[in-house]
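Visitor: please find the sequence and the predicted model below.
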Amino acid sequence: METQIFTEYPVTVTTTETQIEVESPDTTVAFDPTRAVDGYIKSPVHRCEVYKRSNRFLIAGRDWVPELLDNDGLGLRHQLYQCSSIQEWNFVYLSNSPDRYEWKAQGRLGSYPKRCIEKMGTEAGAPVPIKCNEYDIL
């Protein structure tokens, strides 16, 4: 079955058996192709932003494995803590996200947040591997 992706902006699409990755000038989003419905993927399963100068991060997600994510994101926090100390941790459930995200986590890691999040994401319940966008601000 062919999967079609419609966007307002030009994108680069890379596909494998386990992941569809859509990259635009602003963001890269990973999709699980098994979640396509009638050939359409409705929205991303996560968003990840990392700010190099401050080691801040923001992760938003949906459809993660609840037993691994755990209540109030404690599973995610535990996985990230294996890489580095975490400061300013904030986890909230979302109810009206336009991208249908179910929750958002943010904070500051002591070091290498991009590598840590991408490594630990699936162990914390992400349905597909995480790829974070890295910014040089904040």
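Guide: Nice, thanks for sending it over. Numbers count the residues shown, from 1 in each chain.
Visitor: check which element follows the worst-scoring helix or strand of the chain on mean pLDDT along the chain.
Guide: None of the helices or strands of the chain scores lower by mean pLDDT, DSSP states H and E than strand 28-31, at a mean of 58. Once strand 28-31 ends, the next helix or strand along the chain (criterion: DSSP states H and E) is strand 46-51.
Visitor: and that next one, which strands flank it?
Guide: Applying DSSP bridges, strand 46-51 is found paired with strand 56-61 (antiparallel), strand 133-135 (parallel).
Visitor: residue 62 and residue 125 touch, don't they?
Guide: No - if you go by C-beta atoms under 8 Å, residue 62 and residue 125 don't touch, sitting 10.9 Å apart. To be clear about C-beta, it is placed using only N, CA and C from the backbone, and glycine gets the same treatment.
Visitor: what's around residue 54, how many residues?
Guide: 14 (other C-beta atoms under 10 Å).
Visitor: buried residues in stretch 78-94, which are they?
Guide: Within stretch 78-94, the residues scored as buried using 16 or more other C-beta atoms under 10 Å are 79-80, 83-84, 86, 89, 91.
Visitor: in this structure, which spans are helices?
Guide: Assignment of helices within the chain using DSSP state H yields the ranges 66-69, 74-81, 113-120.
Visitor: as CSV, those helices with mean pLDDT and distance to residue 45 would be great.
Guide: Putting the helices of the chain into CSV (pLDDT from 0 to 100; distance: least, C-beta to C-beta, whole Å) gives the following:
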stretch, mean pLDDT, distance to residue 45
helix 66-69, 90, 12
helix 74-81, 93, 14
helix 113-120, 88, 14
